[in-house]
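Engineer: predicted model and sequence below, questions to follow.
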Amino acid sequence: MSHTTQWQVRLHLFEDDDGTTKADAVLETGGTALSAHGRARCHPADANVPEIGDELAAGRAMVDLAHQLLSAAERDMRAVEAPGQSSRQPSARPV
């Protein structure tokens with residue numbers, strides 16, 4: 001039973017006037033959309049390297065999105081679990 005599907009992730013990066021880089025990630029599956037967010041702020045004593053803020057904010061948004069996907073999969077697995085089976089333990093997430 002194979003199938004192919006395409007999901008699209010849009011990632012928007014922007015910087016506020018106070019130097020905070022924000023990332024918004026939106027996953028569209030064709031029937032569902034998930035939205036995730038990430039932030040990064042340059043310490044005043046650090047060199048101003050915008051790419052680092054972009055990478056941190058984008059990475060944090062993608063981690064948020066990954067956690068949402070894993071939670072949705074766990075809910076879906078519990079919903080289709082056969083009656084009488086023991087419930088699954090949620091997967092451990094590294095911090």
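Structural biologist: Perfect, I can see it now.
Engineer: A25 sits in which helix or strand?
Structural biologist: strand 20-28 (DSSP states H and E).
Engineer: ok, then the element right after that strand?
Structural biologist: Next element after strand 20-28 (DSSP H and E): strand 33-41.
Engineer: show me how far the next helix or strand after that following strand is from its chain's centre.
Structural biologist: Moving toward the C-terminus from strand 33-41, the next helix or strand (DSSP H and E) is helix 50-80. The chain centre lies 2 Å from the centre of helix 50-80; the measure is CA atoms, centre = their mean, to the nearest Å.
Engineer: what angle sits between helix 50-80 and strand 33-41?
Structural biologist: 150 degrees (axes from the mean of the first three to the mean of the last three CA atoms, to 10 degrees).
Engineer: helices or strands up against helix 50-80?
Structural biologist: Other elements packing on helix 50-80 under the criterion 3 or more CB pairs under 8 Å, 6 or more residues apart in numbering; DSSP states H and E are strand 8-15, strand 20-28, strand 33-41. For every residue, glycine as well, the C-beta is placed using N, CA and C.
Engineer: average pLDDT for the shortest one?
Structural biologist: For strand 8-15, mean pLDDT rounds to 96.
Engineer: okay, buried residues for it please.
Structural biologist: Of the residues in strand 8-15, 11, 13, 15 count as buried by neighbour count, 16 or more other CB atoms under 10 Å.
Engineer: can you pull the contacts of the first one?
Structural biologist: Yep, that's L11 we're talking about. Contact partners of L11, counting by CB atoms under 8 Å, 6 or more residues apart in numbering, are 23-25, 58, 61-62.
Engineer: for S2, see how far away it is.
Structural biologist: L11 sits 29 Å away from S2 when distances are taken as CB to CB, to the nearest Å.
Engineer: what does D17 give?
Structural biologist: On the measure of CB to CB, D17 and S2 end up 50 Å apart.
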